[in-house]
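Trainee: Could you look at this predicted model? Sequence included:
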Amino acid sequence: MTNDFDIPDRIIVAIGGNATHPEDIEGTSREQKDIAEHTAQALLPLALRDNELIITHGNGPVVGKILMRQALTSDTIAPMPLDICVAHSQGGIAYLLVQALENALREAGNPRHAACLLTQVEVDPDDPAFQNPTKPIGEFYSEEEAQRLARDMGWQMKEDSGRGWRHVVPSPTPLHVCDISLVEDLAKRGSVIFAGGGGGIPVVRGPNGVRNGVEAVIDKDLTSAHMANVLGIETLMILTAVPNVAINFGTPEQRLLHRVTVSELRRYQDEGHFAAGSMGSKIEATLRFLDRGGKRVIIAHLDQAAEALAGTAGTHVVPDA
């Protein structure tokens, strides 16, 4: 893959929930700390640059486990609503990532700071997503297990891309990132900012600006795209567990995409190449970002972050000429 891209000095990087909490781990604190350290090493080349760097992250696997923990202890401990569960996951994941990245920076002799801004994101209380839950969170289950969870816990379960059944919750469209000016100010001061984790804590805005949480999990890629558009950041990087976007995925005709235009990607989307539970949300966020003024989206494996930013790895989506 040849490189004809300039390395941007302002960027939002969105880390997938499955990249920070893979399916094949138990989810112990030690495992999560190790994964955070691995993630920090992958992000270190980006953080060592003189840039404005804002990082978001998914929370689907973690918030699902928080809900399961609550369900198993509900007879002795009052459960928390989903917005507070999102806040817990946002703070916990960011704590590990901030600490790991700052440790990596110090070991490299760099004094740059990393910080987390607990982020609320406003949504429309009448968003149709509240009537049609689609966001998968937590672990994968067999159909029999899914039926039992639906019966015993009242969860809505859906089959996810042929990989099993998962708990699904409403995922409304992000409308406004609260305190976005603080995110911008801290990034301009040189700190690496973790914000919008898990898509942000979902809230609705009432009279006189009063906010209240709602039961939902916002898609972190859509929040990342929205943040980038509002801040005028032209490059969005989405880091996940695969090296490229692919069409005909998992078939003998599979083909990896390296550089693709908006119209080409939209055609592939219309042809049904991107499953809703996996690559679909990333593609939708990509198209929204570029339609609203973005210049480049990079979708790549977490371990290839530096190469992808330089233009030599990953899938690069650009506006039509």
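Mentor: Nice, I can see it. Quantities reported herein were computed from a predicted structural model and do not represent experimental measurements.

Trainee: Tell me which residues of the lengthiest helix in the chain come out buried.
Mentor: Counting by DSSP state H, the longest helix found in the chain is helix 82-107. By neighbour count on 16 or more other CB atoms under 10 Å, the buried set for helix 82-107 is 82-83, 85-90, 92-94, 96-102, 104-105. C-beta here means a position set from N, CA and C on the backbone, and glycine is covered the same way.

Trainee: Which helix or which strand is home to residue 56?
Mentor: strand 52-57 (DSSP states H and E).

Trainee: I'd like the next helix or strand past the helix or strand in which residue 158 is found.
Mentor: Following DSSP H and E, one finds residue 158 within strand 156-159. Downstream of strand 156-159, the first helix or strand assigned by DSSP H and E is strand 165-169.

Trainee: Show me what the helix or strand following that next one pairs with in its sheet, parallel or antiparallel.
Mentor: As assigned by DSSP H and E, the chain's next helix or strand after strand 165-169 is strand 176-177. Here strand 176-177 is paired, per DSSP bridges, with strand 120-122 (antiparallel).

Trainee: got the buried residues for stretch 22-32?
Mentor: residue 32.

Trainee: Stretch 220-231 now?
Mentor: 220, 221, 222, 223, 224, 225, 226, 227, 228, 229, 231.

Trainee: residues touching the last one, list them.
Mentor: Shown in contact with residue 231 (CB atoms under 8 Å, 6 or more residues apart in numbering): 10, 12, 54, 180, 183, 184.

Trainee: Out of those, the closest to residue 167 would be?
Mentor: residue 12 (27.9 Å; CB to CB).

Trainee: Tell me the confidence at the closest one?
Mentor: pLDDT recorded at residue 12 is 98.

Trainee: and it, which of the three is it?
Mentor: Here residue 12 is recorded as strand under DSSP: H, G, I helix; E, B strand; the rest coil.

Trainee: quick one: contacts of the helix or strand where residue 115 lies?
Mentor: In the assignment (DSSP H and E), residue 115 maps to strand 114-117. By CB under 8 Å, 6+ apart, the residues outside strand 114-117 that reach it are 47, 90-91, 94-95, 97-98, 101-102, 105, 179, 182-183, 186, 191-195, 197.

Trainee: Try it again at 10 Å.
Mentor: For strand 114-117, the external contacting residues (CB atoms under 10 Å, 6 or more residues apart in numbering) are 40, 43, 47, 53-55, 90-91, 93-95, 97-105, 177-180, 182-183, 186-187, 189, 191-197.

Trainee: How many neighbouring residues does residue 198 have?
Mentor: Other residues near residue 198 come to 31 when the count uses other CB atoms under 10 Å.

Trainee: which residues does it contact?
Mentor: 17, 56-60, 62-63, 85-91, 93-94, 119, 121, 137, 217-220, 223.

Trainee: Could you look up the SS state of the closest residue to residue 25 other than its chain neighbours?
Mentor: Nearest residue to residue 25, sequence neighbours excluded (CB to CB, 6 or more residues apart in numbering): residue 31, at 4.7 Å. Following three-state DSSP, residue 31 is assigned to helix.

Trainee: which residue packs closest to residue 190, ignoring adjacent ones?
Mentor: Residue 190 sits nearest to residue 112 (CB to CB, 6+ apart), 6.4 Å away.

Trainee: Name the residues of the helix or strand harbouring residue 70 that come out as buried.
Mentor: If you go by DSSP H and E, residue 70 is part of helix 60-73. Using 16+ other CB under 10 Å as the test for burial, helix 60-73 gives 60, 61, 62, 63, 64, 65, 66, 67, 68, 70.

Trainee: That one - contacts with which helices or strands?
Mentor: helix 17-20, helix 82-107, strand 135-141, helix 143-153, strand 165-169 (3 or more CB pairs under 10 Å, 6 or more residues apart in numbering; DSSP states H and E).

Trainee: now do 6 Å
Mentor: Other helices and strands packing on helix 60-73, by 3 or more CB pairs under 6 Å, 6 or more residues apart in numbering; DSSP states H and E, are helix 82-107, strand 135-141.
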